[in-house]
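>>> coordinates only, sequence not included:
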C-alpha cells in the first residue's frame, strides 16, 4: 500500500497564520506537530514513510521538506509539481511516479491538513478500502455527518456492493450545499461528508484517467517517458503549462462507473476556517480558545491566537483574533469565510503579507526581517548545524554580520575565517561571500544591510548545496 | 493673564496608544498635532507661550518637553512635580511659581488633553471669565451638554451674579451620574458639564487654599521659600511625599463660597475613552473611523487605529481596534471603559507594555527596541542634530553600532572618531563611550547589544547634557 499526500494548500483560510507560501498544513493548530506531520504519523502504522509520497509545488516545497528532516527515520518522498494544477494532475503525476517504482499497488490519497479524531477507525477503514480497491473500485471515503455543515461536499450512497461489507455504490456527489439543503442531507441515513480521501489501484486510476481525461493521460505518458532523464524537469514544466486545472472529482469521480464509497465514523473534519476550530478544539469555561500572550477581560466564545505581542480582548463575543508579527486578523466567527477576501485584497495590492511570514524557512535554516527602513534592512539569520548558505554576491547592498549565538565560518572574497559571539564582520558590495555553520549548535547572526536596493532578488549564486545556482 | 496646563494623565484610557509614560495628551488623535500642542496653540492668541506653564511629573516630563522644541518660538515654561499628587497640589505649586514671577494676576487652569471644537467661543469665554475672576471669584467653566453623558461630572448653576453677564453662582457639583440621573440632568436648563477648567486670580486661589487646605498651604509656603535655592528640588520632594492626593474640586471648589460658573457652548469634550471618539471625529459612509494600514471587509461603526502592520477587520460592528508594535487592543465600544482593567493587569504583572512604547523619546532623540533575544538586544537609535547621549559605560554588555543614516561622532575609550553610513564600530564591555550627532540631519544607528544582562539600568553616566549624571 502506498500513500500520496496532497500538500498544495492555498493558505487563504487561516490567514494571517497561513500564507500562500506557508499554508494550513504547516500550522500547529492541534498540538506540537504541524498538520502535515500529523497526517504522516497517523498512517505510519499502515504506510511506512518509505512508501509515502508528498506532492508539493515549488513555492511551498522548501517549507514542507523542512517538516521532515532527512536525518530522521520518518522522512517520506517528495513529488514536485512545477505548478499547482488542481487534484487530477497531482494524482496523475503521483500515479505514474508510483508505477515506475512498483508497477501496481494500492494507492491511498490523503489531504495534508485534515483533522481525524479516531485514528483506529481511520486505519480500520483504510484496510477495508484497500481490499475493495484491489477489486478495481475507485473508493471514496465518506464521514458520518455530525451537523448540517454547509462548508463540506456530500456523497449519497447507493446499494451495498455485492460481497463487500460496509462498501456501497455512489448515487451522486453533492457540492457544498446551502443551509436548507444541508439540513435535509443531514437527516438522510445514506448521505455522508465527502472527505476528499481516496483509495484505488495505480492501474485503476490510470485507466480511468485514460478513459475520461485523455489529454491528461497523454501528458502523463510524456512525463513518464522522461522520468530519470535530464529532460524530466523542463519537460514536466512544459507539459504542466498546457494542462487544464481540473479536480479529480469533476474529471473522474463524477464520470466513472467504478466508484464506491466506504462510510466511516472516524471524527473527520476539514477545519476549513477559523470558526471551524470550535468543532475540534477544547474551549475553556468561558467558551474561549486562547493561545499566547492574551489579556482577556470579559470575552466569551472567542478564539484568540496570539504570539509574543500582547493581545487584549475586552468584552468580545464570537470573535476571532489571530495575530502574527506583521498582520492581525479580527473577524466575527460568522464572517470567517470572508478571510479569503482579505488575502485576495492583499494579493491584488501585491503585499508581501499574503505570501510570506516575516520569518521565512529555508533549507539551511531561516531568516526573520526585523525592520526595513530607507536604505537599510535588518535580519536575524539562523543557520542550522552543518549547513551553509550559497556562495553569493549582491550588486546593490553591503552586509554587516554580528554573531549573537554559535560560531560562523565566513567566506569573504579570498578569505575564510570564523567569528564568534560578539564579533562582527563586513561584506562589501559585489564581494563573493558565504555564511556557514560547521558547528553542532544553531548559528544566529544579526545582519544589517545597507544599499539602494534591498530586494531578495539581488543575489548571484555561485555554489549552493540546494541546487539553486 | 497666565496659563497653567495640567499634564499628568495616567495613560490608561487610550491604551495601547497611550502608556503611563506616554499619556493621552501626547497622542495625535485629531490631526497632525498632539493634544497638548493643540491645547497650547489654542490659547496662544490670549496667552503667549512665555506666560504659559505646563505642570508635569518626572515620568512624562521628557516626552512632554519634546513636544515643544526649545528652538521654536512657542516654547512654554515647565513646572515639574516630583510626583503626581492630584490637582490641588499641582495647582498650588503653579500658583506659588506664578506668584514669584508676577505677584498677582489671572491664572487660567487648562487640561492638556481636552477637545474643544469652537476656539472662538472658548477664547470669548476666557476673556469674560478673566473679568469675573478679577473680582475675586473662583470661576469654573461649564459646557452645554449635548447628550446625557455618564462619563462627565456636572455643575448646577444658581442665580446670575449681580452685574455680571453670563456668570452665575454654583448651586452644586454633581459627580459622574448613573444613566437615569444623567437623563434628568440633561433635561435641566441650568445644568452644565464640568469641564475641569478654572479661571481665578493667583491671590484668590492661594487664599482659598489657606482657608480650606491649610496643610497644603503650609507645604507650599515651605517650597516657596526654597524656590531658586539649591535645596529647592530635594525640599519639594520631601514636602510632596507627605502631601495627601486631593482634587481641587474636593479640596476647594465644593467648600468655597466664592465659586462662579460661566457656561459656554464651545463644543467641549473630555474624550475619555476609545468609544468617545465617535463624538468628535468624522466617520466614513459605513460609520467607521479608520487610520493606517487597515483591510476592511464589511466592518461598520467601528474605530480602527492601525500603524504599519496590516490590521484586517472582517464583519465587525461597534468594535474598537487599536494597534501598536508591541500590543493590540480589540474591544467592544460599550466595554471601552474596561480598557483600564487591561492596563491594571499589565501593571500588576510588571509588563513593560503598560509603561512605555517600543519607541522611547529621550531629550537627545529616541530609541526603538527591534528585538530582544537570549543574550542580545537590537535597537534603532535616532540622535537629533547637534545632540549627544551621555558619556557612559556598561558593566554587562558590549555594543556594535552600524550607521544607517547621518554621521556619528563616537567617543570610545581615549579615541574620538566619526563613522558614516555603512560603517560600524564596537564598544567593548566597561569602556567609556559616547554617541554624538554634530551634523545638521538626524543620525540613525542600529545597535546590537551582547551580554548577560541587557536592562536599561546597566548604565554609569560620567557627563550628560541633560543633568542625568
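All right, it came through fine. A quick note: this is a predicted structure, and the numbers were derived from the prediction, not measured.
>>> all contacts plus neighbour counts: C-alpha atoms, from now on.
Noted.
>>> Compute the number of surrounding residues for the nearest residue to residue A:223 once chain neighbours are set aside.
Nearest residue to residue A:223, sequence neighbours excluded (C-alpha to C-alpha, 6 or more residues apart in numbering or on different chains): residue A:236, at 5.7 Å. Neighbour count of residue A:236, defined by other C-alpha atoms under 10 Å in any protein chain shown: 22.
>>> Does anything pack onto the helix or strand hosting residue A:236? Which helices or strands?
Using DSSP states H and E, residue A:236 sits in helix A:232-242. Under the contact definition 3 or more C-alpha pairs under 8 Å, 6 or more residues apart in numbering or on different chains; DSSP states H and E, helix A:232-242 sits against helix A:214-226.
>>> Other residues contacting the helix it packs on?
With contact meaning C-alpha atoms under 8 Å, 6 or more residues apart in numbering or on different chains, helix A:214-226 is reached by A:89, A:92-93, A:96-97, A:206, A:209-210, A:232, A:235-236, A:239, A:243.
>>> on that earlier part again, kindly calculate the angle that the helix holding residue A:236 makes with helix A:214-226.
Interaxial angle, helix A:232-242 versus helix A:214-226 (axes from the mean of the first three to the mean of the last three C-alpha atoms, to 10 degrees): 170 degrees.
>>> follow-up on the earlier one: buried subset of the contacts of helix A:214-226?
Taking 16 or more other C-alpha atoms under 10 Å in any protein chain shown as the criterion, what is buried in the contacts of helix A:214-226 is A:89, A:92, A:93, A:96, A:97, A:206, A:209, A:210, A:235, A:236, A:239.
>>> buried stuff in the host helix or strand of the third one?
Secondary-structure element containing residue A:93, defined by DSSP H and E: helix A:86-102. Buried residues in helix A:86-102, defined by neighbour count with 16+ other C-alpha under 10 Å: A:86-99.
>>> so what does it touch, helix or strand wise?
Going by 3+ C-alpha pairs under 8 Å, 6+ apart, helix A:86-102 lies up against strand A:2-6, strand A:52-56, helix A:202-212, helix A:214-226, helix A:248.
>>> Of all those, which one comes closest to residue B:127?
Closest approach to residue B:127 among the helices and strands packed on helix A:86-102 (C-alpha to C-alpha): strand A:52-56, 76.0 Å.
>>> any idea of the mean pLDDT in that closest one?
Mean pLDDT, strand A:52-56: 94.
>>> got the residue ranges for the strands in the stretch 51-200 of chain A?
A:52-56, A:77-80, A:106-111, A:115-116, A:138-143, A:154-160, A:168-174, A:191-201 (DSSP state E, counting those that start in this stretch).
>>> thought residue A:107 was touching residue A:202?
Yes. Applying C-alpha atoms under 8 Å, one finds residue A:107 in contact with residue A:202, separated by 6.1 Å.
>>> before we move on, back to that, now, among the buried ones among the contacts of helix A:214-226, which is nearest to residue B:30?
The closest of these, once distances to residue B:30 are taken by C-alpha to C-alpha, is residue A:89, at 56.3 Å.
>>> What residues does the closest one make contact with?
With contact set as C-alpha under 8 Å, 6+ apart, residue A:89 has these partners: A:216, A:243, A:245, A:246.
>>> Next, work out how far apart it and residue A:223 are.
12 Å (C-alpha to C-alpha, to the nearest Å).
>>> Mind checking if stretch A:322-332 is in reach of chain B?
Yes. Among the residues of stretch A:322-332, A:326, A:327, A:328, A:329, A:330, A:331, A:332 lie within reach of chain B under C-alpha under 8 Å from any C-alpha of the partner chain.
>>> Same list (these) but as a markdown table, adding neighbour count and secondary structure.
Shown next, in a markdown table, are the residues of stretch A:322-332 next to chain B (neighbours: other C-alpha atoms under 10 Å in any protein chain shown; DSSP: H, G, I helix; E, B strand; the rest coil):
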| residue | neighbour count | secondary structure |
| --- | --- | --- |
| A:326 | 15 | coil |
| A:327 | 21 | strand |
| A:328 | 24 | strand |
| A:329 | 24 | strand |
| A:330 | 22 | strand |
| A:331 | 28 | strand |
| A:332 | 25 | strand |
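>>> any chance of those residues in TSV, plus pLDDT?
Formatted as TSV, the residues of stretch A:322-332 next to chain B follow (pLDDT from 0 to 100):
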residue	pLDDT
A:326	96
A:327	97
A:328	98
A:329	98
A:330	98
A:331	98
A:332	98
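>>> can you pull the buried residues of stretch A:174-183?
Neighbour-count burial for stretch A:174-183 flags A:174, A:176, A:177, A:182 (criterion: 16+ other C-alpha under 10 Å).
>>> what's the answer for stretch A:271-286, then?
Within stretch A:271-286, the residues scored as buried using 16+ other C-alpha under 10 Å are A:271, A:272, A:273, A:274, A:275, A:276, A:277, A:278, A:283.
>>> Assess the claim that the first one and residue A:111 are in contact.
Pointing back at residue A:271 there. No. Assessed by C-alpha under 8 Å, residue A:271 is found out of contact with residue A:111, at 11.9 Å.
>>> Quick one: mean pLDDT for stretch A:367-384?
For stretch A:367-384, the mean pLDDT works out to 94.
>>> So for the residue nearest to residue A:223, what pLDDT did the model give?
We have a pLDDT of 93 for residue A:236.
>>> what's near enough to touch the residue in the stretch 101-250 of chain A that chain B sits nearest to?
Distances between the stretch 101-250 of chain A and chain B by C-alpha to the nearest C-alpha are smallest at residue A:151, namely 18.4 Å. Going by C-alpha under 8 Å, 6+ apart, residue A:151 touches A:176, A:177, A:272.
>>> mind listing what's buried in the helix or strand bottoming out on mean pLDDT in chain A?
Ranked by mean pLDDT, DSSP states H and E, the helix or strand of chain A with the weakest confidence is helix A:58-65, at a mean of 81. Residues of helix A:58-65 classed as buried: A:59, A:60, A:61, A:62, A:63, A:64, A:65 (neighbour count, 16+ other C-alpha under 10 Å).
>>> which among those gets closest to residue B:394?
residue A:63 (41.2 Å).
>>> How about the closest one: what's its closest non-neighbour residue?
Using C-alpha to C-alpha, 6+ apart and skipping residues adjacent in sequence, the residue nearest residue A:63 is residue A:361, 5.9 Å away.
>>> which SS class is the one you found?
Following DSSP: H, G, I helix; E, B strand; the rest coil, the label given to residue A:361 is strand.
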